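1. I'll drop the sequence and a predicted model, then ask my questions.
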Amino acid sequence: MSPEDFRSGYVALIGKPNVGKSTLLNALLGQKLSIVTPKAQTTRHRILGILTEPDCQVIFLDTPGIMQPNTRLDRSMMRKVKESVSDADLVVFMADARAAEPDLLSLESIVHRPAILAINKIDLVKQETVLPMVEAYMDLRSFEAIVPISALKGTKLTALMHEVREHLSPGPAFYPPGMLSEHPERFFVSEIIREKVFEKFRQEVPYSAAVTIVNFVERPAQKDLIEADIIVEQPSQKGILIGSGGTALKSIGIAARRDIEFFLNRKVYLKLFVRVRKNWRNREAFLRSFGY
C-alpha cells in the first residue's frame, strides 16, 4: 500500500451516559481499556485507544457521558468532552436504539463537527423501530454516515470502521504499531479498582469514590507491589467500603487483583486503603490531585 492510501486521525466517541461508548471502544480494539459497568457515568476521564490496521490508524477518544453538571467533578468531565470534540477529526455520535427521542443535549456538543451516527443496542429492539429514530436525527442535522450497531454483540462494527476510515484524511500513523494507548499502566490499574467499586456497591458510594495509586513498584524476582487509596467523601461510606471485618474491601481487592494481573500479564501484590476526603468532588485541589 502506498503512503497516499493510508489514513489516520482522531475520532471522538460522544453520547449520553451508558449509551455504550466504552463498550464500543473495547470491542473495536479487541482489548478492554475502558471500564464498563451497568451504572451510568462510569467513565470520568478521556480514554485514548489506538487502533492500527494495514490501511489506517484511528485514535479513538472515549469520553464521559454528556449531562448537566452538578459538581466540579461533573464540570471537569464535561470539559474533557469539549476538548475531545475540539481535538477530533471526526465524531462517532452514539445513540441508544431504545430511546424515545433524540439526544439533543449531546447533539449540541458536536455542532459544526463532521459526525457518523451510530445507533447502538439494535439487538435490544425490533428492526422497524430504528428507522423512525434515524429520521428524527436526520431532521436535526446531517451525518457523514448512519450505521446501526450492537457494540456488545459486535454487530455491524466492520461497517462502522469502514465509514470511519473513509471519512478520515490521508496521513501517516501517529503512534507505532502495537501501541494501544498513551496512558501509563498505573492509570489503568486505578480504573480497574474503581470499576470493582462500581460493580459491588449501589447508590451514591461508587460516585463518591476515586482511586489513586500511592505506590507501584515492579519487582522482577517477586510480585509487583501496588498500593492504592480509595477516596470517599463521608466516614459512613468508608465503613461501607471496608465492610464487617474488612470483608467488602477484601472482595474488591480479590476481584481487582485478578483483572490487574490479566491486564499486566504478571502477578501483583495489591494493598487497598480507604481514605475520607470530605466533599472532594467540589474541591479543586482534590480534583487536581486525583487527576481530574
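-> Received, thanks.
2. what segments of the stretch 51-200 of the chain are helices?
-> 72-87, 104-108, 130-138, 157-166, 185-200 (DSSP state H, counting those that start in this stretch).
3. just the buried positions in the third one, please.
-> Within helix 130-138, the residues that qualify as buried by neighbour count (16 or more other C-beta atoms under 10 Å) are Met133, Val134, Tyr137. Backbone N, C-alpha and C define where each C-beta goes, glycine included.
4. hang on, the earlier thing: just the helices of the stretch 51-200 of the chain: most buried one?
-> helix 185-200 (a mean of 21; mean count of other C-beta atoms under 10 Å).
5. which stretches of the stretch 1-150 of the chain have low pLDDT?
-> Along the stretch 1-150 of the chain, segments meeting pLDDT under 70 span 1-3.
6. and the next helix or strand past the helix ranked longest in the chain?
-> Of all the segments of type helix in the chain, defined by DSSP state H, the longest one is helix 247-264. The element immediately downstream of helix 247-264 (helix or strand, assigned by DSSP states H and E) is strand 268-276.
7. what helices and strands are in contact with that following strand?
-> Applying 3 or more C-beta pairs under 8 Å, 6 or more residues apart in numbering; DSSP states H and E, we find strand 268-276 packed against strand 224-232, helix 235-242, helix 247-264.
8. closest to Lys21 out of these?
-> helix 247-264 (19.8 Å; C-beta to C-beta).
9. show me which positions of that closest one end up buried.
-> In helix 247-264, counting by 16+ other C-beta under 10 Å, buried: Ala248, Leu249, Ile252, Gly253, Ala255, Ala256, Arg257, Asp259, Ile260, Phe263, Leu264.
10. residue contacts, the fourth one?
-> The one in question is Gly253. Going by C-beta atoms under 8 Å, 6 or more residues apart in numbering, Gly253 touches Leu270, Lys271, Leu272.
11. any of these buried? List them.
-> Of the contacts of Gly253, these count as buried by 16+ other C-beta under 10 Å: Leu270, Leu272.
12. which among the contacts of Gly253 gets closest to Lys80?
-> Leu272 (26.3 Å).
13. how close does the closest one sit to Pro184?
-> Using C-beta to C-beta, to the nearest Å, Leu272 is found at 19 Å from Pro184.
14. also Thr158?
-> Taking C-beta to C-beta, one finds Thr158 at 31 Å from Pro184.
15. what do you get for Val274?
-> Counting by C-beta to C-beta, the gap from Val274 to Pro184 is 24 Å.
16. ok, these two, which is more surrounded?
-> Val274 (20 against 11; other C-beta atoms under 10 Å).
17. follow-up on the earlier one: tilt between the longest helix of the chain and helix 185-200?
-> Computed with axes from the mean of the first three to the mean of the last three C-alpha atoms, to 10 degrees, the direction of helix 247-264 lies at 140 degrees from that of helix 185-200.
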